[in-house]
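Novice: The amino acid sequence is not available; the structure is as follows:
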């Protein structure tokens, strides 16, 4: 299931309206082609390519995650916006989706020191909750970074490793984040580091070369018709189809048609998601 997370925190009395983040559980299609040299393909990638269903791929990744001695895994696409990286897509099949939505809604990517460290290095960056807490002490008592560390602690995660890989073009990066309940930074130790890297690199290879990630929703109203823009405004205000039809002097069937087109256009699944997104787009 795909979910658009358009919400942003209130900063200085104003709500931010950055582009939404697409949260998704799996690629939209299985592997579309095979590696040219199968003998040189690492076993995890071969297993993913041979899997005949999303459930089989889920079991493979879960087993690899357990071998790497981590509990959660998140794989995302980041994009440069000015001098900052912001998330545009996040795969959450092996993480807590509620935490992913909260992370996006609070725009924690803007204060997450793990992303800053990973962007500055080509090496995996290990962290512990204790180290993040110590760094947050240099910020004001009610800072967003302190809230981020406290909220991360509430998930039960105590350590992990995060690293970035090149993405499409010059402005995109792919990020791999593994999290564990254990407090020690064991992810950088010998064979365990090898498992972490193998998992991350094979997943990245599978998703970027041999599968299809869900399309990112276009965050613009520029290509909408005048009627669709008006409908979007009424949806943002929580009005019913009947009220929208009355205001625009069109039939309920026409409203239903445009609502279906809008949900498809913005890759959302229901009226609530469309209303959230329309409020973010229209302010």
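Specialist: The structure has been received and is ready for your questions. The structure presented is a predicted model; accordingly, all values stated were derived computationally and were not measured.

Novice: Can you give me the buried ones in stretch 61-70?
Specialist: Residues of stretch 61-70 classed as buried: 61, 64, 65, 68, 70 (neighbour count, 16 or more other Cβ atoms under 10 Å). C-beta here means a position set from N, CA and C on the backbone, and glycine is covered the same way.

Novice: Can I get those in TSV including distance to residue 120 and pLDDT?
Specialist: Below are the buried residues of stretch 61-70 laid out as TSV (distance: Cβ to Cβ, whole Å; pLDDT from 0 to 100):
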residue	distance to residue 120	pLDDT
61	28	95
64	27	95
65	26	95
68	24	93
70	23	95
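
Novice: From those, pick the one nearest residue 233.
Specialist: Nearest to residue 233 among the buried residues of stretch 61-70 is residue 61, at 41.5 Å by Cβ to Cβ.

Novice: where does residue 49 fall, phi/psi-wise?
Specialist: Per-residue torsions, residue 49: phi -70, psi -30 (degrees, to the nearest 10).

Novice: count of neighbours near it?
Specialist: 20 (other Cβ atoms under 10 Å).

Novice: per-residue pLDDT, it?
Specialist: Residue 49 is assigned 90 on the pLDDT scale.

Novice: And for the one 5 residues further on?
Specialist: Turning to residue 54, the model gives it a pLDDT of 85.

Novice: What of the one 5 residues further on?
Specialist: According to the prediction, residue 59 has pLDDT 94.

Novice: Find the helix or strand that it is a member of.
Specialist: Element membership for residue 59, per DSSP states H and E: helix 54-67.

Novice: Which other helices and strands does that helix contact?
Specialist: Counting contacts by 3 or more Cβ pairs under 8 Å, 6 or more residues apart in numbering; DSSP states H and E, helix 54-67 is packed against helix 43-50, strand 72-81, strand 84-94, helix 190-209.

Novice: Of all the residues in stretch 249-263, which ones are buried?
Specialist: 250, 255, 258, 259, 262, 263.
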